[in-house]
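[1] Have a look; sequence and predicted model below, questions after that.
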Amino acid sequence: MVKILSEILVPKENSDTELVVRRLYFENNSFVQKGDELIDLETSKTAIILEAPIDGYIQYHVSSNDKVKINQLLIRVLDRPFDKKIDPLVDSQDEELNSKQLISNKAKKYIDEHDIDITDIDIPFISLKYLENLYNNVINDEIQRENNNQEHSLSNSKKPTLETTQEEIKFSKKIEIEALSFAQGSNIVSSVSAFVDSDLSKEKNGFSLVKNLHLPKIVYHLARLLTKHPYLNSYFLDNKVHKYSDINIGIAIDIDDGLKVYTIRNADTLSIEEIQGMIEEGVYKYLRKDLSVKDITESTFTITDLSKYGVSHFTPLVNSFQSGILGISSLDAKLNRYSLTLSFDHRVTEGKDASQFISSLVSKIKQE
């Protein structure tokens with residue numbers, strides 16, 4: 001009997017609920033060793049490569065270009081090759097088969113509980129995992145059809161009559177939109193701004209992520225201020241405010257390989273020098289395309305720096321599962337200053353708290 005040694009699921013990514021499979025590195029029944037790269041997933045921010053957690057034989061449950069959701073089963077690692085004639089979505093080694101119906105006992109119980117008609121299911125073996133995926137897909141399809149009907153009615157009533165051309169958006173852009181819509185969908189995201197006097201007026205090219213001496217200071221003071229303003233280190237879900245225990249600052253990097261958010265963990269415990277080193281490490285990892293899943297996940301607050309692009313002011317969008325994001329503008333050499341803009345989720349906090357936060361941040365930076 002084949003024994004399941006390990007299962008690999010789609011990892012939780014802050015910004016995305018749906019990812020796409022870009023590449024499978026092995027064939028089914030291939031023997032792999034711990035640490036071998038098994039699968040490449042694409043998110044709105046980066047590519048994620050998952051490795052084998054243990055030695056064994058590979059059983060893929062997805063194919064290239066499949067769209068997958070968080071916690072969906074991707075791969076099983078088995079102790080020996082499996083029989084390809086049997087459906088690969090087998091729940092576990094110890095499931096007994098009902099030989100008359102060719103379904104597992106767990107699947108049979110699931111069928112009875114949900115009153116599922118299996119007469120049209122034409123596979124040699126029906127497992128619980130197969131039925132759960134099938135049942136969830138049916139429900140999701142119904143929800144999507146309902147949403148499409150509502151969107152169709154709305155678009156028809158407001159659709160412009162001018163001639164247009166249409167272009168499909170990339171998958172990465174689609175999931176980026178979904179991630180940003182998590183907070184913006186409420187239409188109650190606000191922003192406050194403040195100017196910071198600067199002594200960098202002689203810089204012709206503005207700031208840079210590596211050489212900008214202000215960025216480590218901003219991260220340093222911002223992280224410590226978040227301990228006094230916990231609602232800006234939180235997120236809104238199911239009519240509840242969820243306040244993070246850790247303070248992990250995400251630094252948005254977009255140079256030549258798409259937007260990625262590099263996470264500086266426990267930033268409130270680091271010195272300015274340590275933060276500067278972390279920023280440099282993140283940029284170098286980005287340029288080498290060497291960012292890991294851990295490097296780009298679990299940020300609780302984001303900083304986006306557009307200072308090198310000549311912008312005097314902009315309003316950043318709050319990321320999913322966060323309530324605040326800070327935008328850094330370009331240096332105004334004539335006025336010797338730059339602006340900081342804090343966007344915040346009004347469902348979690350309010351203008352007074354946000355204003356006090358950014359005012360305190362500017363004051364702390366000026367003291368350096």
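    Sure thing, it's come through.
[2] Now do the helices in this structure.
    For the chain, applying DSSP state H gives helices covering 105-114, 128-158, 171-184, 214-226, 272-287, 351-367.
[3] what number of residues lie near the closest residue to residue 347 other than its chain neighbours?
    Spatial nearest neighbour of residue 347, excluding adjacent residues (C-beta to C-beta, 6 or more residues apart in numbering): residue 236 at 4.4 Å. C-beta coordinates here come from the backbone N, C-alpha and C atoms, glycine included. Residue 236 has 21 neighbours, counted by other C-beta atoms under 10 Å.
[4] Against residue 303, how distant is residue 236?
    Here residue 236 is placed at a distance of 20 Å from residue 303 (C-beta to C-beta, to the nearest Å).
[5] try residue 229
    Separation of residue 229 from residue 303 (C-beta to C-beta): 15 Å.
[6] go on, residue 219?
    Per C-beta to C-beta, residue 219 is found 7 Å from residue 303.
[7] Mind listing the shared neighbours of the two?
    249, 251 (C-beta atoms under 8 Å, 6 or more residues apart in numbering).
[8] can you tell me which residues contact the closest residue to residue 56 other than its chain neighbours?
    Nearest non-adjacent residue to residue 56, counting by C-beta to C-beta, 6+ apart: residue 77, 3.9 Å away. Residue 77 makes contacts with 4-8, 32, 52-59, as judged by C-beta under 8 Å, 6+ apart.
[9] Not counting residues beside it along the chain, what's closest to residue 69?
    Nearest residue to residue 69 in three dimensions, chain neighbours excluded: residue 18, at 5.6 Å (C-beta to C-beta, 6+ apart).
[10] Do I have it right that the one you found meets residue 67?
    Yes: assessed by C-beta atoms under 8 Å, residue 18 is found in contact with residue 67 at 5.7 Å.
[11] residue contacts, the residue nearest to residue 348 when sequence neighbours are not counted?
    If the residues on either side of it in the chain are set aside, residue 348 comes closest to residue 323, at 4.1 Å by C-beta to C-beta, 6+ apart. Counting by C-beta under 8 Å, 6+ apart, residue 323 makes contact with 183, 231, 232, 233, 234, 235, 236, 344, 345, 347, 348, 349.
[12] Residue 282 touches residue 292, doesn't it?
    No: using C-beta under 8 Å, residue 282 is not in contact with residue 292, being 11.1 Å away.
[13] Quickly list what's touching both of those two.
    Contacts common to residue 282 and residue 292, judged by C-beta under 8 Å, 6+ apart, are absent.
[14] more neighbours, these two?
    Legend: neighbour count by other C-beta under 10 Å for residue 282 and residue 292, higher for residue 282 (23 against 12).
[15] number of nearby residues for the residue nearest to the more buried one when sequence neighbours are not counted?
    Counting by C-beta to C-beta, 6+ apart, residue 282 lies nearest to residue 262, which is 3.5 Å off, once chain neighbours are set aside. Using other C-beta under 10 Å, the number of residues around residue 262 comes to 23.
[16] Surely residue 262 and residue 248 touch.
    No: applying C-beta under 8 Å as the test, residue 262 and residue 248 come out as separate, 10.5 Å apart.
[17] Let me know the pLDDT of residue 253.
    We have a pLDDT of 87 for residue 253.
[18] which residues does it contact?
    Residue 253 touches 209, 259, 260, 261, 262, 282, 283, 286, counting by C-beta under 8 Å, 6+ apart.
[19] Could you give me the PyMOL syntax to select whichever of the residues you listed are buried?
    Remark: buried members of these, expressed as a PyMOL selection using 16 or more other C-beta atoms under 10 Å:
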select buried, resi 209+260+261+262+282+283+286
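[20] re earlier: can I get the contacts of residue 323 in JSON lines including pLDDT?
    Formatted as JSON lines, these follow (pLDDT from 0 to 100):
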{"residue": "183", "pLDDT": "56"}
{"residue": "231", "pLDDT": "92"}
{"residue": "232", "pLDDT": "95"}
{"residue": "233", "pLDDT": "93"}
{"residue": "234", "pLDDT": "90"}
{"residue": "235", "pLDDT": "86"}
{"residue": "236", "pLDDT": "83"}
{"residue": "344", "pLDDT": "91"}
{"residue": "345", "pLDDT": "87"}
{"residue": "347", "pLDDT": "82"}
{"residue": "348", "pLDDT": "85"}
{"residue": "349", "pLDDT": "86"}
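[21] now, which of those sits nearest residue 128?
    residue 235 (32.6 Å; C-beta to C-beta).
[22] How much space separates that closest one from residue 300?
    8 Å.
[23] Between these two, tell me which one has more neighbours.
    Shown here are residue 235 and residue 300; by other C-beta under 10 Å, residue 300 has more neighbours (27 against 23).
[24] Isn't that one up against residue 242?
    No: counting by C-beta under 8 Å, residue 300 does not reach residue 242; the two are 10.2 Å apart.
[25] ok, now how distant is the residue nearest to residue 347 from residue 194?
    Distance from residue 236 to residue 194, by C-beta to C-beta: 24 Å.
[26] Could you chop the protein up by domain?
    Following automatic domain parsing, one gets these domains for the chain: 1-84, 91-155, 184-367.
[27] burial measure for the closest residue to residue 231 other than its chain neighbours, as a count.
    Residue nearest to residue 231 in three dimensions, not counting chain neighbours: residue 349, with 3.9 Å by C-beta to C-beta, 6+ apart. Per other C-beta under 10 Å, the neighbour tally for residue 349 reads 21.
[28] Show me where the stretch 201-350 of the chain has its strands.
    Using DSSP state E, counting those that start in this stretch, the strands of the stretch 201-350 of the chain run over residues 234-237, 240-243, 249-253, 260-264, 301-305, 324-328, 337-345.
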